[in-house]
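Engineer: Starting from these lines, generate the structure:
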Amino acid sequence: MASRAESGGADGAAAGVSPCCIPRIAFGLQSEGVRRGAHPSWYAPVCAPEQRVTGLRMVNSLTGQKELFIPRVGNRVLWYTCGPTVYDVCHMGHARAYLTMDIMRRIMEDYFAYEVFLQVNVTDIDDKIIKRARQNRLLDDYIAEGRPIETVRADVQSALSRFESKMLAKKATLEAPLGSGREEEERVELLKQHLQKLENFAATKAAVASAASGADASALARAASEPLSESLDADKGSCVTDKAIFNAHARRFEESYMEDMDALHVKPPDSLSRVTEYVPQARARTDIYTHSLPHMPHVFAHSLHGYIPILPHMSHVFAHAL
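Structural biologist: Numbers count the residues shown, from 1 in each chain. A predicted model of the protein is given here:
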């Protein structure tokens, strides 16, 4: 299932509308959109003779209902899924997401005999990656300086105090009810997660207290790595600007992710792409969106975070994740 926005032609020009503003429907999709309730239009695939129709139905996020699954072209299914943001090691949430994806992919390929082409895109540059790479470098440099244990104790105590104040302030914010609905449900879940982080922080303080009683400055700094690195980043983060540091950090955890997926026997993607490989294109699209949106009609594609307006002359194909 896919939707595509392309530039328009003569009909648009005749109507006095700029050709780039008239959306065209991609090959293999019906010309009339389907609207269900408050959802945006969805252009269903044409059921051509050469296409296999197995009777499989899937929940379509663009209609909110189960729809008959028909590949846009023949028996070929193009599947795009977001990969990890590689700022740290994988956790159980990653394992659940990619195991679920792998199970669905195997059902599509092995049971329904679709020809699935899976692309996974790794986010290898964003604020989390940059911040974590900075923090790790600053902590390593701090330890390499060989500061006296008395200095490290004072720095760690200051960092712990700043970190705890921040954690308690966030706890107070999350404890304030937001009424009802989705925002309140999210607040409750975020509060649970934050309380777990506070428990983890209590364990960190205990480990720091134990290390502070000794004379090993390096061990103390490592025991307080999270609050200390955050404190160092707040004071000196702007000094870390070498892009090689950020890239090396992303490559390290991308490799770790691939190793974890292999250990879980998750089939590798047919294509693995990275955000850094498409930065110029992303900038161009952002500029077009920012400057042109107020004057242009638009269509919608779906992401995990909601509906994204896609400008008509941005000729890309957007496929639903299963």
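
Engineer: make it CA atoms for all contacts and neighbour counts henceforth
Structural biologist: Noted.

Engineer: Buried by neighbour count: which residues of the helix or strand containing A169 qualify?
Structural biologist: Assigned by DSSP states H and E, A169 belongs to helix 149-174. Neighbour-count burial for helix 149-174, counted by 16 or more other C-alpha atoms under 10 Å, picks out 149, 152-153, 155-157, 159-160, 163-164, 167, 171, 174.

Engineer: Would you map the helices across the stretch 1-150 of the chain?
Structural biologist: For the stretch 1-150 of the chain, the helices defined by DSSP state H, counting those that start in this stretch cover 10-14, 92-106, 127-144, 149-174.

Engineer: Quick check: which element contains F246?
Structural biologist: Counting by DSSP H and E, F246 is found in helix 243-263.

Engineer: Check which helices and strands that helix is in contact with.
Structural biologist: helix 127-144 (3 or more C-alpha pairs under 8 Å, 6 or more residues apart in numbering; DSSP states H and E).

Engineer: what about dumping the CA coordinates of the helix it packs on to PDB?
Structural biologist: Taking Å, rounded to 0.1, in the frame of the first residue of the first chain, the C-alpha atoms of helix 127-144 are listed here in PDB:
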ATOM      1  CA  ASP A 127      20.800  15.400  19.200                       C
ATOM      2  CA  LYS A 128      21.000  12.200  21.300                       C
ATOM      3  CA  ILE A 129      23.900  10.900  19.400                       C
ATOM      4  CA  ILE A 130      25.800  14.200  19.400                       C
ATOM      5  CA  LYS A 131      25.200  14.700  23.100                       C
ATOM      6  CA  ARG A 132      26.200  11.100  24.100                       C
ATOM      7  CA  ALA A 133      29.300  11.300  22.000                       C
ATOM      8  CA  ARG A 134      30.300  14.600  23.600                       C
ATOM      9  CA  GLN A 135      29.700  13.300  27.100                       C
ATOM     10  CA  ASN A 136      31.700  10.200  26.500                       C
ATOM     11  CA  ARG A 137      34.600  12.200  25.100                       C
ATOM     12  CA  LEU A 138      34.600  14.700  27.900                       C
ATOM     13  CA  LEU A 139      34.500  12.000  30.500                       C
ATOM     14  CA  ASP A 140      37.400  10.100  28.900                       C
ATOM     15  CA  ASP A 141      39.400  13.400  28.700                       C
ATOM     16  CA  TYR A 142      38.500  14.200  32.300                       C
ATOM     17  CA  ILE A 143      39.800  10.800  33.600                       C
ATOM     18  CA  ALA A 144      42.900  11.000  31.400                       C
END
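
Engineer: At which residues are the strands of the stretch 1-150 of the chain located?
Structural biologist: In the stretch 1-150 of the chain, the segments counted as strands under DSSP state E, counting those that start in this stretch are 2-4, 57-60, 65-68, 76-85, 115-123.
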